[in-house]
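Student: The following comprises the amino acid sequence and a computationally predicted model.
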2 protein chains.
Amino acid sequence: MSDLKDKILLVATDLFHTRGINSTGVDTIVAVAGTTKMTLYKYFTSKEQLILEVLQKSQQDFQSWIDEKLNSGSKKPSDKIQKLFDYIEEWVNSPAFIGVGFIKASAEFPNEENPIHQLSSQQSREFRQFIGKLANQADIKDADGLALQLSLLFEGAVQAEQMKRGSGAIKYAKKAAKILIDGAAKASA
Amino acid sequence: MSDLKDKILLVATDLFHTRGINSTGVDTIVAVAGTTKMTLYKYFTSKEQLILEVLQKSQQDFQSWIDEKLNSGSKKPSDKIQKLFDYIEEWVNSPAFIGVGFIKASAEFPNEENPIHQLSSQQSREFRQFIGKLANQADIKDADGLALQLSLLFEGAVQAEQMKRGSGAIKYAKKAAKILIDGAAKASA
DNA sequence: TAAAATGTATACCGTTCTGTATACTATATT
DNA sequence: AATATAGTATACAGAACGGTATACATTTTA
């Protein structure tokens, strides 16, 4: 992949998060990236395509990071789901954290027929299913139900953290998650 | 208050939620409201002012609705906080539900110096404090902590419900809320 | 060395955006 | 009847938007 395409993706990701997607013009993106519109439109057929690729790359990066963390720790399923929010807290508190793409994108593009909304919705669903798989392997009875609850905490905490950095939202989300997981584990015994 | 100002506020509220704030032009608003830009700018000094008033009115309406519900039921504090998510579920499942303004607005205006972001942030904080007051009256020990957790569930569920209507998110949020409330109540005994 | 690919620079097109100026009409109020 | 008030209709200014056309420079490849 070209260096410039990467640079454009990186810059766009940052600008979309700090200024909003609709409020960020392609002129601004190329200016910050140090290139021109001609180059941008060589790699991306449209601004919409650029947005979609930014969303995809962001989610892939996050998912890879989480996967690696989970694989480097305990292999026991019940440990894994317990550790999940510890890793999320670590990720949210890292300086590189700028938010979750699909949460913002679905707010800026509420129309369900919009491709950007559809991708956002799909990413949210996939992350919930990922949690569900962890819950299932940990032999939790209503794994899908717990996964939905944990994803609500996750999305709520990220939202809160974006509204005000250092709000401590993620810390309390983690505590809540542990209570819900323990409750669900007990119910399955 | 003028009929037309009310109508503009109503139409703007609806359009902002269904199409997004930045994606809704004042031309569209006045066209749907059946009036002209001259009239809009007689009542609102700018689009930003209109957005701020829409946010304020939306939150006031919601808060009034919740207050009334809580006052018409049991006066016992521990009942009140237990009932809170029942009312929220009723509200989310009502046909009139279109979302929570401050959640979307803070996503579209991420800059913390922006007045719209500031109002959104304040409204989120006020709602959390409202839950905290209920928790306090119910003699829950870490009332603020529980309030934060419940607000995360609230915001997460509304977010999820907006991504896909009928997702059942609010139902599971309610279950999670009951678990967290019971846990917090026990800890204070 | 010739040609192909990659990127830059810049001007531009058509559209849409917020916001305003101007002139006109209908309705109350005094 | 005279006058203020509320609203309409419409045109337009000035800027920003997404996207394209053209011409040129640089590097890679064959």
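Tutor: Sure thing, it's come through.
Student: Near DNA strand D, which residues of chain A? Just list them.
Tutor: A:23, A:24, A:25, A:26, A:27, A:28, A:37, A:38, A:41, A:46, A:47, A:48 (C-beta under 7 Å from any atom of the strand). C-betas here are computed from N, CA, C, even on glycine.
Student: so what's the closest residue in space to the fifth one that isn't next to it in sequence up against?
Tutor: Read it as residue A:27. The shortest distance from residue A:27 to any non-neighbouring residue, by C-beta to C-beta, 6 or more residues apart in numbering or on different chains, is to residue A:37 (7.0 Å). Counting by C-beta atoms under 8 Å, 6 or more residues apart in numbering or on different chains, residue A:37 touches A:26, A:27, A:30.
Student: how about the helices in chain A?
Tutor: A:3-19, A:26-33, A:37-43, A:47-72, A:77-93, A:101-108, A:115-137, A:143-163, A:169-188 (DSSP state H).
Student: Tell me which of those sits nearest to residue B:102.
Tutor: Closest to residue B:102 of the helices of chain A, according to C-beta to C-beta: helix A:143-163, at 8.6 Å.
Student: Low-confidence ranges, chain A, go.
Tutor: A:1, A:186-189 (pLDDT under 70).
Student: Which parts of it belong to which domain?
Tutor: A:1-44, A:49-188 (automatic domain parsing).
Student: Distance from the shortest one to the middle of the chain?
Tutor: This points to domain A:1-44. Remark: domain A:1-44 is offset 20 Å from the chain centroid, using C-alpha atoms, centre = their mean, to the nearest Å.
Student: hmm, back to that, near DNA strand C too, which of the residues of chain A next to DNA strand D?
Tutor: Of the residues of chain A next to DNA strand D, the ones that also sit near DNA strand C (C-beta under 7 Å from any atom of the strand) are A:37, A:38.
Student: Grab the most central residue of chain A for me.
Tutor: In chain A, the residue lying closest to the centroid (C-alpha atoms, centre = their mean) is residue A:100, at 4.0 Å.
Student: Please determine how far that residue is located from residue B:81.
Tutor: Residue A:100 sits 29 Å away from residue B:81, going by C-beta to C-beta, to the nearest Å.
Student: Could you count how many residues lie near whatever residue of chain A ends up closest to DNA strand D?
Tutor: Ranking the residues of chain A by distance to DNA strand D (C-beta to the nearest atom of the strand) places residue A:25 first, at 3.0 Å. Using other C-beta atoms under 10 Å in any protein chain shown, residue A:25 has 12 other residues around it.
Student: Need phi/psi at it.
Tutor: Torsion angles at residue A:25 (phi, psi; degrees, to the nearest 10) stand at phi -90, psi 160.
Student: For it, give me its contacts.
Tutor: Counting by C-beta under 8 Å, 6+ apart, residue A:25 has no contacts.
Student: repeat that for 10 Å
Tutor: Neighbouring residues of residue A:25 by C-beta atoms under 10 Å, 6 or more residues apart in numbering or on different chains: A:15, A:19, A:31, A:47.
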